[in-house]
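Q: what's the 3D shape of this:
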Amino acid sequence: MKTRIYDLPTRMFHWLFAVSFLTAFTLANVVDDESTVFAWHMLAGLIMGFAVILRIVWSFVGSKHARFSDFSLQPRQLLAYLKAVVTGQKVIWAGHNPASSWAAIAMMGLAAGLTLTGILMAADIRAEFLEDIHEFMADAFIFVVIAHIAGVVLHSMQYRDQLAKSMVTGVKSGLAESTAAVPAYKLAGVVFLLLTLSFGSYLWQNYQQNTGTLSLFGIQLQLQSIEQDKLETNVHEDD
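A: Residues are numbered from 1 along each chain as shown. Got it, this is the predicted structure:
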């Protein structure tokens with residue numbers, strides 16, 4: 001028997017979040033910060049932060065297993081879950097299990113921190129500690145992602161329930177018959193996607209490629225390093 005556990009907005013966030021972080025992290029590590037392509041690192045980071053805001057809102061109004069109140073965040077639950085996985089015991093969780101609950105909260109918290117420090121640095125606040133914190137959080141994010149993926153693989157091998165697939169289809173099998181299916185919220189999922197695309201369009205329309213700057217709700221952000229003589233030339237051309 002298959003039961004819908006994750007609604008569409010929750011799944012939509014999961015993949016938008018993953019793609020935006022992967023894009024931002026990859027560009028930050030393979031592209032020079034003076035390249036025009038580097039701006040996409042910042043734009044992807046801003047989209048990731050926007051998705052987190054939407055997810056937080058959804059955690060209050062979404063279906064049962066989308067709410068943070070449904071997450072298993074007690075340390076003893078995490079230890080019991082990890083022990084069960086190692087010893088081969090089967091403990092069924094309808095929604096996020098303790099490990100994925102902690103991973104989700106950690107990743108969203110780190111994403112919020114990365115977005116905030118990125119904005120502060122782009123706003124010409126060049127305190128060295130901001131860059132150090134930003135890089136530390138990016139490394140911590142990657143560590144959590146690797147641990148999360150390893151946990152999903154181990155869980156799937158142990159339980160044989162295709163846990164990762166549930167974030168695509170929204171359904172899980174092998175749950176208790178008393179487990180109630182959640183609403184699909186397809187319209188909310190479409191709205192979630194449209195809001196994210198609209199925000200991405202807003203960023204692109206307000207990004208000036210010739211100067212590498214972005215006007216974010218009135219805040220001027222420098223998304224790429226521009227050589228001073230080139231910047232001055234562009235300013236004179238605009239005049």
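
Q: list the buried ones in stretch 142-151?
A: The neighbour-count check on stretch 142-151 (16 or more other Cβ atoms under 10 Å) flags 144-145, 148, 151 as buried. Quick note: C-beta positions are derived from backbone N, CA and C, even for glycine.

Q: so which helix or strand takes in residue 224?
A: Residue 224 belongs to no helix or strand when assigned by DSSP states H and E.

Q: which residues touch stretch 122-135?
A: Contact with stretch 122-135 is made by 42, 113-114, 117-118, 120-121, 214, 219-223, as judged by Cβ atoms under 8 Å, 6 or more residues apart in numbering.

Q: and which of those is nearest residue 25?
A: residue 114 (9.3 Å; Cβ to Cβ).

Q: can you tell me which residues contact that closest one?
A: Contacts of residue 114 (Cβ under 8 Å, 6+ apart): 24, 45, 48-49, 134, 137-138, 141.

Q: Equivalent analysis for residue 37, please.
A: By Cβ under 8 Å, 6+ apart, the contact set of residue 37 is 27, 31.

Q: Look up phi and psi at it.
A: Main-chain dihedrals, residue 37, degrees, to the nearest 10: phi -70, psi -30.

Q: for the protein, what are the low-confidence residue spans?
A: 225-239 (pLDDT under 70).

Q: Which parts of it are helices?
A: Assigned by DSSP state H, the chain shows helices spanning 8-30, 39-61, 75-87, 98-122, 128-159, 166-169, 186-205, 228-238.

Q: Just the angle for the longest one relative to helix 39-61, thanks.
A: Spelled out, it's helix 128-159. If you take axes from the mean of the first three to the mean of the last three Cα atoms, to 10 degrees, helix 128-159 sits at 60 degrees to helix 39-61.

Q: before we move on, what about the first one?
A: Direction vectors for helix 8-30 and helix 39-61, defined by the same axes, to 10 degrees, enclose an angle of 150 degrees.

Q: Could I have the CA atoms of helix 8-30 written out in CSV?
A: As requested, the backbone C-alpha atoms of helix 8-30 are provided in CSV (Å, rounded to 0.1, in the frame of the first residue of the first chain):
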residue,chain,number,x,y,z
LEU,A,8,4.0,19.0,-4.0
PRO,A,9,5.4,22.3,-2.5
THR,A,10,7.6,20.3,-0.1
ARG,A,11,9.0,18.3,-3.0
MET,A,12,9.3,21.4,-5.2
PHE,A,13,11.4,23.1,-2.5
HIS,A,14,13.6,20.0,-2.1
TRP,A,15,14.8,20.0,-5.7
LEU,A,16,14.9,23.8,-6.2
PHE,A,17,17.0,24.0,-3.1
ALA,A,18,19.3,21.3,-4.2
VAL,A,19,19.8,22.7,-7.7
SER,A,20,20.4,26.3,-6.5
PHE,A,21,22.9,25.3,-3.9
LEU,A,22,24.8,22.9,-6.3
THR,A,23,24.9,25.7,-8.9
ALA,A,24,26.1,28.3,-6.5
PHE,A,25,28.7,26.0,-4.9
THR,A,26,30.1,24.8,-8.3
LEU,A,27,30.4,28.2,-9.8
ALA,A,28,32.1,29.5,-6.6
ASN,A,29,34.8,26.9,-7.0
VAL,A,30,35.4,26.7,-10.7
